[in-house]
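Sequence and predicted structure, then a few things I'm wondering about:
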Amino acid sequence: MKFNIRPLDGSSGRLADRISFLTAAGTVAWAAMGNQGFQFADGDVTSVPHRDLTVAAEQIAGLLCRHQDASLVIHPTSVGIARGDEATSADVYPPGAQPRIIVQG
């Protein structure tokens, strides 16, 4: 499972393993894809890993709604980068400029 991050400006996207929600106080939530499936943490709540794409998409939507005032930090995968050799970089989206996030199996 991966996140396919598509900027709203029409530029090409990239695959990501992890999304962090960042405020001046630090990381307030995160979502990640791994060998066990999708998992997220939001405050004191950490989900159990699962592989249900529909539930994962709903949970990402909930995080985006609850943390509209946070910046998003997109941590790309090291395999399948859609924009060249940017395997060690991260994309940062300021509040209000959230990209389209597609949950892929």
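Nice, I can see it.

Measure how buried the residue nearest to residue 66 when sequence neighbours are not counted is and give me the count.
Nearest-residue entry for residue 66: residue 42, 6.9 Å, with adjacent residues in sequence omitted and distances by CB to CB, 6 or more residues apart in numbering. (C-beta placed from N, C-alpha, C; glycine too.) Using other CB atoms under 10 Å, residue 42 has 17 neighbouring residues.

where's residue 42 relative to residue 105, distance?
If you measure residue 42 against residue 105 using CB to CB, to the nearest Å, the figure is 23 Å.

Then residue 51?
From residue 51 to residue 105 the distance is 8 Å (CB to CB).

which neighbours do these two share?
Common contact partners of residue 51 and residue 105 (CB atoms under 8 Å, 6 or more residues apart in numbering): residue 1.

Walking through the protein, point out its helices one by one.
With DSSP state H as the definition, the chain shows helices at residue ranges 53-66.

For the spatially most central residue of it, which non-adjacent residue is spatially closest?
Compute the mean C-alpha point of the chain, and by CA atoms, centre = their mean the closest residue is residue 19, 3.1 Å away. With sequence-adjacent residues excluded and distances taken as CB to CB, 6+ apart, residue 19 is closest to residue 31, at 4.8 Å.

got a list of what that neighbour touches?
3, 18-19, 38-40, 59-60, 63.

mind running it again at 10 Å?
3, 16-21, 38-42, 47, 56, 59-60, 63-64, 72, 101, 103 (CB atoms under 10 Å, 6 or more residues apart in numbering).

isn't residue 45 right up against residue 29?
Yes. Counting by CB atoms under 10 Å, residue 45 does reach residue 29; the two are 9.1 Å apart.

For these two, indicate the residue with more neighbours.
residue 29 (20 against 8).

And the pLDDT for the more buried one?
pLDDT for residue 29: 95.

give the contact list for it.
19-23, 40-43, 45, 62-64, 66-67, 70.

Any stretches of the chain with poor pLDDT?
78-88 (pLDDT under 70).

all strands of it, in order?
Along the chain, counting by DSSP state E, strands occupy 2-6, 14-23, 26-34, 37-42, 45-46, 71-76, 91-93, 100-104.
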